[in-house]
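# Just need the structure, nothing else, for what follows:
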Amino acid sequence: MRSPRPVVLVSVAVLCVFILQGLSAQFTGGYGLLYTQKAQLLSPGELCLVVHSRAYFKVIPEVGSSGGLTMGGFTLYDASGALSSNFGFSRHLEFGLTMLLYQDLNLSQQYINGRLYQEQIPDDVILRLKFGGWGVPLKSSILKFAVDLDYRLRTAYIRDDVYLEPYSSDALEFGSNFLVSYYTDAFYPDESHQIHLNLGYLNHNDSGLGNGLFNGGQELLYSIGYVYPTTMVDLHAEFSGNHFIEPAPERVFSREDYLYVVPGITYKPFFGFNIQFALEWELLNKKDTTVGRVIPPHYAANYPPWRISTNFVIFPTTAFFSQPTFARVSKESKYRERMMDRAGMDRQSLFRWVTDEDIGKEYIDLELEKIRQERKRAEQELEKLKQELGQ
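The predicted structure is shown next:
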């Protein structure tokens with residue numbers, strides 16, 4: 001059965017936008033960087049697991065005493081941990097689940113039923129739907145598109161306004177995220193230079209009952225990332241930020257715009273396992289505009305001025321997709337090895353596979369050219385081996 005046409009999927013996306021809760025561009029799984037998602041989807045049956053961690057700390061100096069008690073003299077920290085699981089359902093549809101395993105509350109700690117909650121274990125759960133992956137060949141390069149939709153299940157006790165974290169309300173939020181990726185090499189995207197752009201809209205729906213849907217906090221979320229690939233290490237840099245087009249309530253933390261530059265590396269020791277590491281630096285440092293809540297001296301006013309972020313990414317074998325997870329990385333990239341796996345298909349099988357997905361003649365020619373290149377490369381290697389044996 002053929003996959004739904006792009007126009008059908010886009011229509012479904014527009015309808016889904018109005019039932020989303022708690023859109024979050026953070027802690028995403030699948031193909032992507034720390035904050036910028038790629039418009040590339042997992043293959044059908046492919047599974048991706050990601051363990052996320054993010055931390056900031058600062059030593060608060062002693063600032064005097066009150067009633068014989070010394071104020072300050074301790075380490076303030078903000079830490080988060082999450083686990084993402086993404087599964088490729090079809091060539092154009094990917095499901096994801098993110099569990100926020102740990103969240104430090106800092107100044108957001110509250111007494112609930114006589115208990116002081118200084119951290120949350122676990123926090124909320126985020127369900128994700130990503131579809132698209134449509135490609136537009138541009139000579140030797142390619143442009144891809146996708147849409148990401150999230151649904152946030154409120155399972156934590158402290159559901160909104162966490163200090164040092166991006167603002168989220170306790171209401172029925174809605175939004176969407178549009179993804180664009182550009183690869184300089186259409187034949188082997190994973191080996192090429194890459195530029196990824198994400199643009200999203202989020203309505204916090206926090207104006208109160210009867211005050212109108214578009215009178216509460218609303219923001220644009222954006223990120224752009226660049227990847228410089230090598231055999232064992234990918235170098236990348238991102239800009240990730242937001243802009244409140246309608247301000248959040250005055251009483252909440254993190255109601256200001258933010259912008260981070262995120263330089264990082266991805267170490268790829270094995271085909272299906274890599275480690276992403278990044279340092280985040282805040283570029284915007286706006287004056288604190290929160291009303292009615294006092295932030296102590298020497299504390300960060302809005303967001304952490306810096307953070308350390310890491311992702312541990314693994315692609316295990318599933319019942320639907322065979323993956324050489326712990327095969328060592330060679331000069332061939334992940335995508336090339338996957339294509340060589342498929343090289344056993346004849347042209348008729350390849351043609352049937354492509355046309356069943358309704359991709360079009362341009363994509364068919366692109367896939368056939370990949371096979372031609374692999375065959376030519378194999379013949380060259382065989383000829384080289386014959387010469388070496390002849391010596």
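# just so I have it, where are all the helices in this protein?
Assigned by DSSP state H, the chain shows helices spanning 6-16, 334-342, 347-356, 361-390.
# model confidence over the third one, on average?
Confidence for helix 347-356, expressed as mean pLDDT, is 46.
# Equivalent analysis for the shortest one, please.
Model confidence over helix 334-342 averages 49 on the pLDDT scale.
# And the pLDDT at P263?
If you check P263, the pLDDT there is 98.
# Sorry, wrong one. I was asking about L23.
Listed pLDDT for L23 reads 48.
# Look up which residues are beta-bridged to the residue nearest to I121 when sequence neighbours are not counted.
Closest residue to I121 apart from its sequence neighbours, by C-beta to C-beta, 6 or more residues apart in numbering: Y102 at 5.5 Å. (Glycine included, C-beta is placed from N, CA and C.) Assessed by DSSP bridges, Y102 has beta-bridge partners G81.
# Count the residues that sit near Y102.
With neighbours defined by other C-beta atoms under 10 Å, the count for Y102 comes to 14.
# which ones are touching it?
A79, S80, G81, E119, Q120, I121, P122, D123 (C-beta atoms under 8 Å, 6 or more residues apart in numbering).
# mind redoing it with 10 Å?
S53, A79, S80, G81, A82, E119, Q120, I121, P122, D123 (C-beta atoms under 10 Å, 6 or more residues apart in numbering).
# What of R159?
Contact partners of R159, counting by C-beta under 10 Å, 6+ apart, are G22, Q120, D123, D124, R152, S168, S169, D170, A171.
# of the residues you listed, buried ones?
Among the contacts of R159, those scoring as buried are G22, Q120, D123, D124, R152, S168, S169, A171 (criterion: 16 or more other C-beta atoms under 10 Å).
# Out of these, which one has the weakest pLDDT?
Ranked by pLDDT, the buried ones among the contacts of R159 bottom out at G22 (45).
# Quick check: the farthest pair among the buried ones among the contacts of R159?
Greatest spatial distance in the buried ones among the contacts of R159: Q120 and A171, 19.0 Å, computed using C-beta to C-beta.
# Looks like Y182 contacts K144 (just checking).
Yes - using C-beta atoms under 10 Å, Y182 is in contact with K144, at 7.9 Å.
# hey, what's in contact with both of these two?
Common contact partners of Y182 and K144 (C-beta under 10 Å, 6+ apart): A39, V136, P189, H196.
# now, which of those residues sits nearest A327?
Using C-beta to C-beta, P189 comes nearest to A327 of the shared contacts of Y182 and K144, at 19.9 Å.
# what's around that closest one, how many residues?
By the criterion of other C-beta under 10 Å, P189 has 23 neighbours.
# how much space is there between H193 and A301?
37 Å (C-beta to C-beta, to the nearest Å).
# just for the stretch 151-300 of the chain, where's the confidence low?
For the stretch 151-300 of the chain, residues meeting the criterion pLDDT under 70 lie at 210.
# can you give me the strands for it?
Remark: strands assigned in the stretch 151-300 of the chain by DSSP state E, counting those that start in this stretch are 174-183, 194-203, 218-228, 233-246, 259-270, 273-282.
# Output the contacting helices and strands for the fourth one.
Based on contacts counted as 3 or more C-beta pairs under 10 Å, 6 or more residues apart in numbering; DSSP states H and E, the elements that strand 233-246 packs against are strand 194-203, strand 218-228, strand 259-270, strand 273-282.
# Out of those strands, flag the one nearest Q387.
Comparing the helices and strands packed on strand 233-246 by C-beta to C-beta, strand 259-270 comes nearest, at 31.7 Å.
# Mind giving me the ChimeraX command for buried ones among the shared contacts of Y182 and K144?
Per 16+ other C-beta under 10 Å, the buried members of the shared contacts of Y182 and K144 correspond to this ChimeraX selection:
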select :39,189,196
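# Let me know the closest of the shared contacts of Y182 and K144 to K268.
Closest to K268, out of all of the shared contacts of Y182 and K144 and judged by C-beta to C-beta, is P189, at 15.1 Å.
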